[in-house]
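# give the three-dimensional model of this entry:
(one chain, ligands or ions: 1)
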Amino acid sequence: MSRIVYVNGAYLPEEEAKVSVFDRGFLFADGVYEVTSVLNGKLVDFDGHAKRLERSLTELEMPSPVTMDELLQIHRDLIDRNGLVEGGVYLQITRGAAPRDFAYPADPKPTLVLFTLEINISGSPKAETGLKVVSIPDERWGRRDIKTVQLLYPSMGKMAAKAQGADDAWMVEDGAVTEGTSNNAYIVTKDGKIVTRQLSHAILHGITRAAVLRMAEEAQMIVEERPFTIEEAQNAAEAFITSATTFVTPVVEIDGVTLGDGKPGRIAKRLREIYMDEARAKAV
Ligand code: PMP
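The predicted structure is shown next:
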């Protein structure tokens, strides 16, 4: 069945949804995006995603074609028009079509595209079995805190992981893990502390990360925001990732080394449950 896609004010069957070949998103990856998850037809942490979007736009001096209230309405219309129950809404804003020039156009006409994604988030099989990850060098640009559509290196990382029979890659810079190709990375030490890299330009400031760390602290768990190495991760009690479309998903193997008994860890499972309950309760 054809989806209904939003493009610059119009709701169109996906086959008819088009943008210009001169769009700077296409020519320069001059665009930003967000993916907001949907549970029971409702948006999880829309405010967090809207705020990060505004920040990404500001960092790139890119105007938004709509207000954040209008954006919420478009998200809801798309969910309704597509009958989406569980999955996500993908949103992209680019600086729009302009004569090809490295300098930004003086009077940009941004492109706004949204479409729905059907994903089985709540019953994902990987939540039960856990993920296998491999490490790769982090060769992305230096402003990973801006959520741009420059996703070629993470794509290459995912392919490298699959070629080795793993599910995903964790990226390493100056000896420490930055994050996963499309998620934030965590370990749980043998004495029960949750460790994840601190916020900086080196990683994306995950919306799920912010929520999960807050919930962990509310549940009296100890959180340490600092870098960790692959070796420390291989010796940890457990590991996991977070993102809007995976929530909390356990990691059970790193570069061929099995963590603990090779089963999803207790803390990762607990955090997934807490996150899921709150996401369902607070979704809009
Ligand atoms: N890091 C990277 C590199 C990502 O691409 C993503 C998801 N897009 C995340 C972290 C997780 O962010 P969020 O929880 O906001 O989905």
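
# and the stretch 101-250 of the chain, which residues reach the ligand?
Residues of the stretch 101-250 of the chain lying close to the ligand (CB under 6 Å from any ligand atom) are 179, 182, 183, 184, 204, 206, 207, 208, 209, 242, 243, 244. Where C-beta positions appear, they are placed from N, C-alpha and C, glycine not excepted.

# if I look at residue 100, how far off is residue 29?
13 Å (CB to CB, to the nearest Å).

# same deal with residue 232?
From residue 232 to residue 29 the distance is 33 Å (CB to CB).

# likewise for residue 117?
Applying CB to CB to residue 117 and residue 29 gives a distance of 20 Å.

# kindly report the same for residue 80.
31 Å.

# have a look at the two and say which one is more surrounded.
residue 29 (14 against 11; other CB atoms under 10 Å).

# now the more buried one: closest residue in space that isn't a chain neighbour?
residue 150 (4.5 Å; CB to CB, 6 or more residues apart in numbering).

# what sits against the one you found?
29, 140, 141 (CB atoms under 8 Å, 6 or more residues apart in numbering).

# now these as JSON lines including secondary structure?
Output for those, formatted as JSON lines (DSSP: H, G, I helix; E, B strand; the rest coil):
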{"residue": "29", "secondary structure": "coil"}
{"residue": "140", "secondary structure": "coil"}
{"residue": "141", "secondary structure": "coil"}
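
# quick check: closest non-adjacent residue to the most centrally placed residue in the chain.
Centroid-nearest residue in the chain: residue 243, 4.6 Å away (criterion: CA atoms, centre = their mean). What sits nearest to residue 243 in space, not counting adjacent residues and going by CB to CB, 6+ apart, is residue 183, at 3.9 Å.

# repeat for residue 53
Nearest to residue 53 is residue 34, by CB to CB, 6+ apart, at 5.1 Å.

# same question for residue 96.
residue 109 (4.3 Å).

# and the gap between the one you found and residue 125?
Distance, residue 109 to residue 125, using CB to CB: 43 Å.

# kindly report the same for residue 98.
For residue 98 relative to residue 125 (CB to CB), the value is 44 Å.

# residue 253 contacts residue 261, correct?
No - using CB atoms under 8 Å, residue 253 is not in contact with residue 261, being 11.7 Å away.

# can you pick out the residue with more neighbours from these two?
residue 253 (19 against 8).

# so that one is in which element?
strand 247-254 (DSSP states H and E).

# which strands and helices lie in contact with that strand?
Using 3 or more CB pairs under 8 Å, 6 or more residues apart in numbering; DSSP states H and E, the elements in contact with strand 247-254 are helix 125-129, strand 131-137, helix 207-218, helix 230-234, strand 238-243, helix 266-282.

# which ones are touching the closest residue to residue 23 other than its chain neighbours?
Nearest residue to residue 23, sequence neighbours excluded (CB to CB, 6+ apart): residue 97, at 4.9 Å. Applying CB under 8 Å, 6+ apart, one finds that residue 97 lies in contact with 19, 20, 22, 23, 24, 109, 111.
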